[in-house]
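A.B. asks: Here's a sequence, model it:
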Amino acid sequence: MKISNETKVGALTAIAITLLILGFNFLKGKTLFKTGNFIYAKYADTKGIMVSNPVFINGFQVGSVYDIENSDENLSSIVVAIKLKSTYNIPVNSVATIKDNPLGSPSINITLGDGKQYLKTGDTVVTASSAGLLGDVMNKLGPVGDQLKTTVHSLDSVLKNINSIFDPNTKNNLQEVIANINKTTASLVVSSASLQSMLNQQTGAISQSMSNVASFTKNLSDNNEKVTKMLGNMEKTTDNLAKADMAGSVEKLKTTIGNLNTILEKMNSQEGSLGKLMNDKALYNNLTNTVRSANILLDDLRAHPKRYVSISVFGKKDKTPPLTAPLNDSTAQKQPQP
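C.D. replies: The predicted structure follows:
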């Protein structure tokens, strides 16, 4: 039997189209025969998920979307068939969410649970709606918004307290205080001007004082050598004083003062000759009388020498009575008072 060329071309075309469809489905993750590990997920909103979109667990692609079907006519629930690349231990309490990608196609992210039982082929995984990029931002801004609300509430309370404090009387008092402050600042301006004028008047005196200071420092600089020698002499003097036996000298001085005190005590206590001489009135009177008698005797000897020494050949013996008191002349001493 001879086959025509037209039949060959038609058969080859059909085979090519079939291979093209099978290759396209294979690239999309679908095969002619539904084999492999499949799990299912139900969503109310697939958010643009498409066949062959990847499925991730902890950032690792474990499979892809194999098929999307609606479970009822109202499209209230959409079933997504997920084909896994291999057998994975996915806990039954794991959650599958659709993750939006603003720069690409969405994907399914499975968050593993902590259950001890694992999903089997044909089981349905638990799903949850994802908040999306904007939802994540809002979730992060949520606590900030709560804090902002609390802050605004506190600020409102503070403003109410301020309004309650600043009654009309308080406002008037504040205005008066501000007016007084303005007056005070004006007075300070006038005072500063007066002070500036005073300083201008004293500029000459200040300049003269600075000149005197400069002259004094110049004199010190010129006499630096003398000052150095003076300081050296003072240093030597203080060194000699430091080396001197000051303690011994002070001790000797204390001993001398003690001896003087002892002598003075003996003089005051009428012990010894000097004490009796200073404190005994009878002895003082006797000494005074003795001195007076000696003066009388000397005066009598001077006035009547012949009574005591007779050396005259022709003269007579002086028979005048003896003196009973000193002569009142330039040689007689004044009698001391007892």
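
A.B. asks: CA atoms for contacts and neighbours, from now on please.
C.D. replies: OK.

A.B. asks: where in the protein is pLDDT low?
C.D. replies: 1, 25-35, 130-142, 165-167, 201-204, 270-278, 309-324, 326-338 (pLDDT under 70).

A.B. asks: Now do the helices in it.
C.D. replies: Taking DSSP state H as the criterion, the chain carries its helices at 5-27, 132-165, 168-201, 203-222, 224-243, 246-268, 272-279, 281-303, 305-308.

A.B. asks: looking at the ones you listed, which is closest to Val126?
C.D. replies: helix 132-165 (18.1 Å; C-alpha to C-alpha).

A.B. asks: Can I get stretch 9-28 as CSV, trimmed to CA atoms?
C.D. replies: Presented in CSV, the C-alpha positions along stretch 9-28 are these (Å, rounded to 0.1, in the frame of the first residue of the first chain):
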residue,chain,number,x,y,z
VAL,A,9,2.5,15.7,5.6
GLY,A,10,-0.7,15.7,7.6
ALA,A,11,0.5,13.0,9.9
LEU,A,12,3.8,14.8,10.6
THR,A,13,1.9,18.0,11.2
ALA,A,14,-0.4,16.4,13.7
ILE,A,15,2.6,14.8,15.4
ALA,A,16,4.4,18.1,15.6
ILE,A,17,1.4,19.9,17.0
THR,A,18,1.0,17.1,19.6
LEU,A,19,4.7,17.3,20.6
LEU,A,20,4.4,21.1,20.8
ILE,A,21,1.5,21.0,23.1
LEU,A,22,3.1,18.3,25.3
GLY,A,23,6.4,20.2,25.4
PHE,A,24,4.6,23.4,26.3
ASN,A,25,2.7,21.7,29.1
PHE,A,26,5.8,20.0,30.3
LEU,A,27,7.6,23.4,30.5
LYS,A,28,4.6,24.6,32.5
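
A.B. asks: show me what contacts Ile162?
C.D. replies: Contact criterion C-alpha atoms under 8 Å, 6 or more residues apart in numbering gives no residues in contact with Ile162.

A.B. asks: And Ile257, by the same measure?
C.D. replies: Counting by C-alpha under 8 Å, 6+ apart, Ile257 makes contact with nothing.

A.B. asks: Kindly reformat the helices of the chain as a markdown table and extend each row with distance to Asn53.
C.D. replies: Output for the helices of the chain, formatted as a markdown table (distance: least, C-alpha to C-alpha, whole Å):
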| stretch | distance to Asn53 |
| --- | --- |
| helix 5-27 | 11 |
| helix 132-165 | 17 |
| helix 168-201 | 70 |
| helix 203-222 | 92 |
| helix 224-243 | 99 |
| helix 246-268 | 109 |
| helix 272-279 | 138 |
| helix 281-303 | 146 |
| helix 305-308 | 173 |
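
A.B. asks: if we compare those helices, which one ends up closest to Ile68?
C.D. replies: Per C-alpha to C-alpha, nearest to Ile68 of the helices of the chain: helix 5-27, 14.2 Å.

A.B. asks: Mind checking the helices of the chain for the one nearest to Asn89?
C.D. replies: helix 5-27 (25.3 Å).

A.B. asks: So for Val55, which of the helices of the chain sits nearest?
C.D. replies: That would be helix 5-27 among the helices of the chain, by C-alpha to C-alpha, at 15.5 Å.
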